[in-house]
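[1] Let me see the structure of the following:
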Amino acid sequence: MPSHSSEKSIAILEATLSVIAQGGVDAVRYRDVAREAKVPLGTVSYNFPNRTDLIHAAFRLFLEQSSAVLAATRARLPSETLEEVAELLASFARAYLADRGRCVAEYELMVCAARDPDLHQALTTWDRARQSELAILLERLDVPRPNNAAQTLMDMIRGFQLTAIGQERPDFDGLQKRLRDLIHALAGSPAF
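    Modelled structure (predicted):
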């Protein structure tokens, strides 16, 4: 089986994510992906022998790229206070929503993962890793029950992203304030 790390494979997977963003997972057809990727139809079928492999590989690429965005955001922002963690989380949401199509694709793939055990496992593993990273930050700041707090914050971010997809100008400042208040509440400390 061909490697999925070549430039053409990445272009095909990016095109698949674009097709998913435009019409959902059910819209993924080799012909449409090939057109979007600007590659011959045979290139898609050669690299991805079936539609399931194509969707799974696109999902894995999405998770890898999401991890990279999170790492880059975390590297440029401090997270040594509760307020800085709120800013970091709001920045994550802003980074995700910078490309609305990718955000739509994420939620389409999450719905698909609910019906596909392999995708569900990949998403669960990814979520647990991100939750663990956040819990470590919160634990350093003496937030009680950091794993529960991290899950609560992740759920809040996902809810914000889902509602913000259709908004012309999401209220990131309001999100950051609500995150700050929630983090302080979870920490048992007064918000300012």
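
[2] for the closest residue to Glu84 other than its chain neighbours, helix, strand, or coil?
    In space, and not counting its chain neighbours, Glu84 is closest to Pro78: 5.1 Å by CB to CB, 6 or more residues apart in numbering. Where you see a C-beta, it was placed from the backbone N, CA and C, and this is true even at glycine. Applying DSSP: H, G, I helix; E, B strand; the rest coil to Pro78 yields a three-state assignment of coil.

[3] Check the contact between Pro78 and Val85; I expect there is one.
    No - no contact is recorded between Pro78 and Val85 when judged using CB atoms under 8 Å, the distance being 9.4 Å.

[4] got the buried residues for the stretch of helix or strand Cys112 belongs to?
    When elements are defined using DSSP states H and E, Cys112 is found to belong to helix 100-113. By neighbour count with 16 or more other CB atoms under 10 Å, helix 100-113 contains the buried residues 102-110, 112-113.

[5] Kindly report the same for stretch 137-144.
    Going by neighbour count (16+ other CB under 10 Å), the buried part of stretch 137-144 is 137-138, 141, 143.

[6] Among the residues you listed, find me the one that's closest to Tyr96.
    Taking CB to CB as the measure, Tyr96 sits nearest to Leu137 out of the buried residues of stretch 137-144, at 18.3 Å.

[7] Tell me the spacing between the closest one and Val69.
    As defined by CB to CB, to the nearest Å, Leu137 lies at a distance of 17 Å from Val69.

[8] Please name the residues that touch the residue most central in space within the chain.
    Most central in the chain under CA atoms, centre = their mean is Ser66, positioned 5.0 Å from the mean C-alpha point. Taking CB atoms under 8 Å, 6 or more residues apart in numbering, we find Ser66 in contact with 96, 106, 126.

[9] ok, which stretches of this protein are helices?
    7-23, 30-37, 41-47, 51-76, 82-97, 100-113, 117-140, 146-164, 172-187 (DSSP state H).

[10] how big is the angle separating the fourth one from helix 117-140?
    In this case it means helix 51-76. Between the axes of helix 51-76 and helix 117-140, defined by axes from the mean of the first three to the mean of the last three CA atoms, to 10 degrees, the angle is 10 degrees.
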